[in-house]
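# Sequence plus predicted model, see below.
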Amino acid sequence: MDVRERFQHAASLVESGNYPEATTELVWLWDHMLDEDKSFAGVRGSYLIAWMKRLMELHEDARVQFTALRDKLVPRIAPGSNDYMPVMDWFTLSNNLLDDHSAISAWVEELLASESEPLELRLMRSTILSWLFEQARWEDAGNLLEPGPVVAAKARLDVERERHTEQFDDETLKILRENRLKSLAKTHLSYLAANRIDESQLIKELMIELFGVDQTQTMLQEMTKEIDE
């Protein structure tokens with residue numbers, strides 16, 4: 001069987017209730033899917049994780065084996081290497097599959113406490129920032145964010161690209177605009193929490209310029225309400 005067929009077979013094993021064999025197949029797929037076909041990276045991080053998560057809810061031993069998959073990985077980049085994929089695998093299994101936020105929190109805090117910027121932090125900055133945003137750890141996110149002018153320039157460029165991309169219909173563009181506004185609101189609040197006042201104001205001014213006063217105020221009110229809750 002090729003990778004696609006083996007994935008379909010694993011899914012059918014889950015659906016038929018053959019949980020031990022399904023666990024074995026899903027473990028094999030996680031370990032070897034990319035060896036067989038690099039183009040399956042997206043599938044591995046989404047659909048495969050979804051089936052693993054589904055099986056964990058049905059079969060306790062699956063959680064044990066999937067946790068072992070995560071625990072054999074070390075969330076550190078090997079000395080002399082720039083290959084952060086094993087660390088990304090550790091993060092994906094911890095976050096997307098096992099919901100082990102305590103392990104991620106301990107790892108992030110160790111990285112942030114380092115006197116010099118660890119390579120993991122440099123190469124995985126956007127992933128770590130997204131996690132900090134999800135956990136509403138605004139001050140940590142604010143300390144980790146790039147300088148405000150850099151963030152503003154990137155955001156402006158992204159908005160312009162979205163505006164002039166013909167492949168998007170009006171509804172998709174509306175969703176993209178809302179997501180962009182929410183992302184900028186998180187950035188503004190993070191700078192504010194980290195006492196980077198000038199940069200927080202810069203991002204707020206960019207939000208108003210791109211999306212208007214009313215939309216900006218509404219989004220910031222919604223985000224503040226989420227934080228308070």
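Nice, thanks for sending it over.
# packing partners for the longest helix along the chain?
In the chain, taking DSSP state H as the definition, the longest helix is helix 170-193. In terms of contacts (3 or more C-beta pairs under 8 Å, 6 or more residues apart in numbering; DSSP states H and E), helix 170-193 is packed against helix 125-134, helix 138-144, helix 148-163, helix 197-211, helix 213-228. Where C-beta positions appear, they are placed from N, C-alpha and C, glycine not excepted.
# Would you mind finding the most buried of those helices?
helix 138-144 (a mean of 20; mean count of other C-beta atoms under 10 Å).
# Residues in contact with that helix: which ones?
108, 112, 121, 125, 128-129, 132-133, 186, 189-196, 227 (C-beta atoms under 8 Å, 6 or more residues apart in numbering).
# circling back: could the helices and strands packed on helix 170-193 be laid out in TSV, adding mean pLDDT?
Shown next, in TSV, are these (pLDDT from 0 to 100):
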stretch	mean pLDDT
helix 125-134	95
helix 138-144	95
helix 148-163	89
helix 197-211	96
helix 213-228	87
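# Out of the ones you listed, flag the one nearest residue 92.
Nearest to residue 92, of all the helices and strands packed on helix 170-193, is helix 125-134, at 9.1 Å by C-beta to C-beta.
# Need the contact partners of that closest one.
Helix 125-134 is contacted by residues 88, 91, 95, 104, 108, 111, 121, 138, 140-141, 144-146, 186, 190 when judged by C-beta under 8 Å, 6+ apart.
# try stretch 67-79
Outside stretch 67-79, the residues touching it (C-beta under 8 Å, 6+ apart) are 27, 30-31, 83-84, 86-87, 89-91, 93-94, 97-98, 100, 107, 119-120, 123.
# which parts of the longest helix of the chain are buried?
Under the neighbour-count criterion of 16 or more other C-beta atoms under 10 Å, helix 170-193 has 176-177, 180-181, 184-193 buried.
# now, among these, which is nearest to residue 57?
residue 186 (30.4 Å).
# ok, that closest one touching residue 226?
No. In this structure, residue 186 is not within contact of residue 226 by C-beta atoms under 8 Å, at 10.2 Å.
# can I have the one helix or strand in the chain whose mean pLDDT sits lowest written out in PDB, keeping just the CAs?
Least confident helix or strand, the chain: helix 213-228 with a mean of 87, by mean pLDDT, DSSP states H and E. Output of helix 213-228 as PDB, limited to C-alpha atoms (Å, rounded to 0.1, in the frame of the first residue of the first chain):
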ATOM      1  CA  VAL A 213     -12.400  53.900  13.700                       C
ATOM      2  CA  ASP A 214     -15.700  52.000  14.300                       C
ATOM      3  CA  GLN A 215     -14.400  48.500  13.400                       C
ATOM      4  CA  THR A 216     -11.200  49.100  15.300                       C
ATOM      5  CA  GLN A 217     -13.000  50.100  18.500                       C
ATOM      6  CA  THR A 218     -15.500  47.300  18.200                       C
ATOM      7  CA  MET A 219     -12.700  44.700  17.800                       C
ATOM      8  CA  LEU A 220     -10.700  46.100  20.700                       C
ATOM      9  CA  GLN A 221     -13.800  46.000  22.900                       C
ATOM     10  CA  GLU A 222     -14.500  42.400  21.900                       C
ATOM     11  CA  MET A 223     -10.900  41.400  22.600                       C
ATOM     12  CA  THR A 224     -10.900  43.200  26.000                       C
ATOM     13  CA  LYS A 225     -14.100  41.500  26.900                       C
ATOM     14  CA  GLU A 226     -12.600  38.100  26.100                       C
ATOM     15  CA  ILE A 227      -9.600  38.900  28.300                       C
ATOM     16  CA  ASP A 228     -11.800  39.900  31.200                       C
END
